[in-house]
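Student: Give me a model of this one.
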Amino acid sequence: MATGSNEAEQRIKAYFRKINAINFVSSMVALFPTIIAIFAEVPFWYFFPLVATQVLLLSLLSYYKYYIDKKARNIEINPGRYVLENTMSYAVFSFALPILFFLLRLFYSLSSLQRVFVINVLFALTLLFILSNLPASRLVKISTPLDDHYLVEKANELSKKLSTGPLGLYVMKLGRFRIANAGQVGTRKYSVFITDYLLENLSPEENVAVIAHEFAHAKEKHVLKTATIAWSISAICANLMVYPVDVGTYPLLALTLPLGGFIFLFISIFLIIPAIQRRFEAKADLIAASVVNGMDLVNALQKISRLNFTPSDISRHWSLDHPPTRERVIKIISYTRTRKPQNQ
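Tutor: Numbers count the residues shown, from 1 in each chain. Here you go, the predicted model:
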């Protein structure tokens, strides 16, 4: 039994390495040719054939990724649709990057005070977007309300125990991609989205445990807190990078402020914010384990790891927003042994 589990884990790790390698190469294809062309100061029309070439290469990489996914996970989606959906985000980035660069060059042609004004107007609009609940509203439109009577009843009980108030529960149809996942979205009106593939492959009790975890995020306002922290750090760093300083009078300050802002932003994106997200995930696990059977949550996390072909003991990479499954399982079991769930 243990040998079989080890072999399965090794297959998952091999799959994970291949997919990550393809994603990395795709990112480089979408990024570096454009950066080189920008610094070479090529005419703007050169970017059209360049982007077309990038999209072609990205499509080939996406098809190779489809082949690996089909072989390892037996996904059911049409290969053309798979390639289109996997290529789209990289292609949009390839197309948008030169436009953003030219807008940035136009931005730096403004005076210092004008740059500060524009930056803060953009961040004010971004804040309004965060508070508008538009991402959640969009997901609601492409999802269907959860209609499982048992899960809906248990969700109502959980919302009372956790004092979250009524939460929208929706199902996202991603079974063809074989994605087992759930998430809480929204900064004002909270909604929880669960994929159909997860619902189909977890037991009712395990699904309840997953819902409890997402409700815990809502109770603690983790999405709002993360968005607020990320927005605040980005706004501060952006203002540091464009702060009006007289270079002739304060040359050192004119260099250190933008550089300091950029370095702090980089550290925040890849270190601080992911660390906060990992902490929130661990806290949501324990809150969920306080209102449901902790072992149901453990079993759910282990199944989700296997279903998504994610190694359970993946190293804590500095940019990961979730702790490794094995680490989460150990903490939940330890907590469960010292505290009896409220519903038992």
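Student: Buried residues, stretch 328-335. List them.
Tutor: Within stretch 328-335, the residues that qualify as buried by neighbour count (16 or more other Cβ atoms under 10 Å) are 328-329, 331-332. No exception for glycine: its C-beta is placed from N, CA and C like everyone else's.
Student: In those, find the pair that's most separated.
Tutor: Largest separation among the buried residues of stretch 328-335 by Cβ to Cβ: V329 and K331, giving 7.4 Å.
Student: one step back: now intersect the buried residues of stretch 328-335 with the helices, please.
Tutor: Taking DSSP state H as the definition of helices, those contribute 328-329, 331-332.
Student: Let's verify V192: helix, strand, or coil?
Tutor: With DSSP: H, G, I helix; E, B strand; the rest coil as the basis, V192 sits in strand.
Student: E41: neighbouring residues, count only.
Tutor: 6 (other Cβ atoms under 10 Å).
Student: I'd like the secondary structure assignment at it, please.
Tutor: Under the three-state scheme (three-state DSSP), E41 adopts coil.
Student: K283 is in contact with K225, correct?
Tutor: No - at 11.0 Å, K225 and K283 do not qualify as touching, with contact defined as Cβ atoms under 8 Å.
Student: What segments of the stretch 51-200 of the chain are helices?
Tutor: 79-107, 112-132, 134-141, 149-162, 196-201 (DSSP state H, counting those that start in this stretch).
Student: The helix or strand harbouring F264 - contacts with which helices or strands?
Tutor: F264 is located in helix 251-267, with elements delineated by DSSP states H and E. When contacts are defined as 3 or more Cβ pairs under 8 Å, 6 or more residues apart in numbering; DSSP states H and E, helix 251-267 sits against helix 222-242.
Student: Check which residues of the helix it packs on are buried.
Tutor: Taking 16+ other Cβ under 10 Å as the basis for neighbour counts, the residues of helix 222-242 that come out buried are 222-224, 226-227, 230, 233-235, 237-242.
Student: any idea which of those is closest to L100?
Tutor: Proximity of the buried residues of helix 222-242 to L100 (Cβ to Cβ) peaks at A238, which lies at 14.2 Å.
Student: Excluding chain neighbours, what is closest to the closest one?
Tutor: Nearest non-adjacent residue to A238, counting by Cβ to Cβ, 6 or more residues apart in numbering: I119, 5.1 Å away.
Student: now do I35
Tutor: For I35, ignoring the flanking residues on the chain, the nearest one in space by Cβ to Cβ, 6+ apart is L97 at 7.7 Å.
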